[in-house]
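Enquirer: pasting the sequence and the predicted coordinates here, then a few questions.
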Amino acid sequence: MYLTLKHIHVTAVALSFALFALRGVWMLRDSARLQRRWVRIVPHVVDTVLLAAGVSLAVLLRQVPGESAWLTAKLIALALYIGLGSVALKRGRTRGIRAAAWLAALAVFGYIVAVALTKDPLPWTGV
Ligand code: HEM
């Protein structure tokens, strides 16, 4: 059960990253593909699955944000990722702002994955 959920979580992570990266490239190219129906729906479905599986894993592990430092760091970074992602794909007024937000969001995503793998809010310290 736990491993299945973890597989679902990690698969959704990979899909979510790929879809966000792709949408960023289309955004930078002003591509009409960004407006396609599936492009507007599928990422939300994937992200919902990602979050639901993540929350279920945390419940099964009895990890509570606030007690577990890495989970807290992950959730704060997740909020940042969502905010930056929305500036990148929607709210950013100029292409420069959107591109910067997109790159920052990709970096935050990398941080979240590093935190998940190391269970350390400061993954680069290597302890
Ligand atoms: C963009 C958002 C997220 C990304 C990129 C992400 C990434 C990952 C990755 C790559 C793993 C696998 C770690 C490993 O193989 O050891 C993982 C595990 C996990 N994630 Fe996430 N996650 C995200 C959101 C969340 C959320 C919102 C929660 C909970 C509220 C969560 C809770 C967990 C838990 C509990 C594990 C299991 C750790 C383990 O079994 O060792 N994740 N996450």
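Expert: Good, I have the coordinates. Numbering: from 1, shown residues only.
Enquirer: and the residue most central in space within the chain, which helix or strand is it part of?
Expert: Nearest to the mean C-alpha position of the chain, counting by Cα atoms, centre = their mean, stands residue 109 at 5.2 Å. For residue 109, the element it lies in under DSSP states H and E is helix 95-118.
Enquirer: show residues contacting that helix.
Expert: 13, 17, 20-21, 24, 27-28, 70, 73-74, 77-78, 80-81, 84-85, 87-89, 92, 121, 123-124 (Cβ atoms under 8 Å, 6 or more residues apart in numbering). Backbone N, C-alpha and C define where each C-beta goes, glycine included.
Enquirer: can you check stretch 75-88 too?
Expert: The list of residues contacting stretch 75-88 from outside it, by Cβ under 8 Å, 6+ apart, reads 20, 24, 27, 65, 97-99, 101-102, 104-105, 108-109, 111-112, 115.
Enquirer: could you do stretch 29-38 as well?
Expert: Residues from elsewhere that reach stretch 29-38 (Cβ under 8 Å, 6+ apart): 23, 25-27, 39, 89.
Enquirer: swap the cut-off to 6 Å and go again
Expert: Outside stretch 29-38, the residues that touch it by Cβ atoms under 6 Å, 6 or more residues apart in numbering are residue 26.
Enquirer: list the buried ones in that stretch?
Expert: Across stretch 29-38, burial judged by 16 or more other Cβ atoms under 10 Å covers residue 34.
Enquirer: and what of stretch 45-52?
Expert: Buried residues in stretch 45-52 (16+ other Cβ under 10 Å): 46-47, 49-50.
Enquirer: close to the ligand, is it?
Expert: Yes - for stretch 45-52 and the ligand, the contact criterion (Cβ under 6 Å from any ligand atom) is met by 50-51.
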